[in-house]
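> Quick one: sequence and predicted model below, then my questions.
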Amino acid sequence: MTESDGKPWRTLAGGGQWEEEVRHSRFIGRAARADSPDEAMAFLHEVSHPKATHNCWAFRIGPGCYRSSDDGEPGGTAGRPILAAIDHSGLDHVVVVVTRYFGGIKLGSGGLTRAYGGVAAEALRAAPQVEVRPLTEVAIIAPFELTGVLYQLTERLSAQRVGEDYLPDSLILTVRLEVSAVPRLEAELRAATHNRATLARR
């Protein structure tokens with residue numbers, strides 16, 4: 001699900017919002033992409049309403065970076081359900097803020113958990129999604145006479161050439177490509193150059 005293993009993962013391509021009334025309390029969920037805790041906190045400050053009863057939130061940025069807040073609601077009834085909605089969605093690098101305007105009727109722990117988790121899930125569903133394919137850079141070192149072979153090979157694998165350096169008798173070609181395509185590049189490089197080229201990971 002995350003970028004750490006080089007596999008494609010999903011996040012939000014834009015914001016999502018969902019509003020719901022539960023026993024006269026008004027819940028407004030807002031979801032957005034966040035690539036760092038600072039971005040998540042900036043979104044929280046942007047959408048939180050000072051006159052609301054609670055502005056509860058959670059974010060997930062990779063496997064080990066997550067936080068949540070009940071913002072005054074009973075412990076575990078708001079932030080955790082929001083985080084659970086994020087994790088259940090299969091999305092990463094996202095933040096969700098659920099704002100509540102109290103309507104005079106207490107919902108109880110179960111009611112709060114369902115309301116916050118449900119509104120967070122709907123806000124995420126309302127947002128457009130995008131698949132992220134992690135990229136990496138590698139350096140290919142080969143004799144000058146293999147330059148044309150390298151160009152053809154990298155174009156065929158949709159690898160972007162981002163730099164060239166030179167040794168007395170060799171070219172160092174730096175390319176950017178999907179992490180998942182590196183093994184194929186390595187194998188085809190050996191075959192196309194008869195092991196006369198080497199690949200160095202950045």
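On my side now, so go ahead.

> Give me the distance from stretch 184-202 to the chain's centre.
Here the centre of stretch 184-202 is set off from its chain's centre by 31 Å, with Cα atoms, centre = their mean, to the nearest Å.

> For that stretch, list every residue counted as buried.
Within stretch 184-202, the residues scored as buried using 16 or more other Cβ atoms under 10 Å are 185-186, 189, 192-193, 197, 199. Any C-beta I mention is one placed from the backbone N, CA and C, and that applies to glycine too.

> Of these, just say which sits nearest to residue 150.
residue 197 (7.1 Å; Cβ to Cβ).

> show me the contacts for the closest one.
Neighbouring residues of residue 197 by Cβ atoms under 8 Å, 6 or more residues apart in numbering: 140-143, 146, 150, 189-190.

> so how many other residues sit close to residue 162?
By other Cβ atoms under 10 Å, 10 other residues sit near residue 162.

> Would it be right to say that it lies in a helix?
No. Assignment of residue 162 by DSSP: H, G, I helix; E, B strand; the rest coil gives strand, placing it outside any helix.

> right, and it touches residue 174 too?
Yes. At 5.2 Å, residue 162 counts as touching residue 174 under the criterion of Cβ atoms under 8 Å.

> quick one on the thing from earlier: if you look at the buried residues of stretch 184-202, which of them are in strands?
Per DSSP state E, strands hold the following members of these: residue 199.

> The buried residues of stretch 184-202 in helices, which ones?
185-186, 189, 192-193 (DSSP state H).

> Turn those residues into CSV, columns for distance to residue 61 and pLDDT.
Listed next are those as CSV, based on distance: Cβ to Cβ, whole Å; pLDDT from 0 to 100:
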residue, distance to residue 61, pLDDT
185, 29, 93
186, 30, 92
189, 34, 92
192, 39, 92
193, 40, 92
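
> So which of those residues is the closest to residue 69?
residue 185 (44.2 Å).

> which residue sits closest to residue 55 in space, ignoring its chain neighbours?
residue 48 (3.9 Å; Cβ to Cβ, 6 or more residues apart in numbering).

> Tell me which residue is most central in this structure.
Centrality entry for the chain: nearest residue to the mean C-alpha point is residue 93, 3.5 Å, by Cα atoms, centre = their mean.

> these two touch, right, that residue and residue 63?
No. Counting by Cβ under 8 Å, residue 93 sits too far from residue 63 to count as a contact (11.6 Å).

> any idea which helix or strand carries residue 131?
strand 129-132 (DSSP states H and E).

> And the contacts of that strand?
Contacts to strand 129-132, defined as Cβ under 8 Å, 6+ apart, come from residues 3, 8-13, 91, 93.

> what do you get if the cut-off is 10 Å, keeping everything else the same?
With contact meaning Cβ atoms under 10 Å, 6 or more residues apart in numbering, strand 129-132 is reached by 2-3, 7-14, 16, 33, 89-94.
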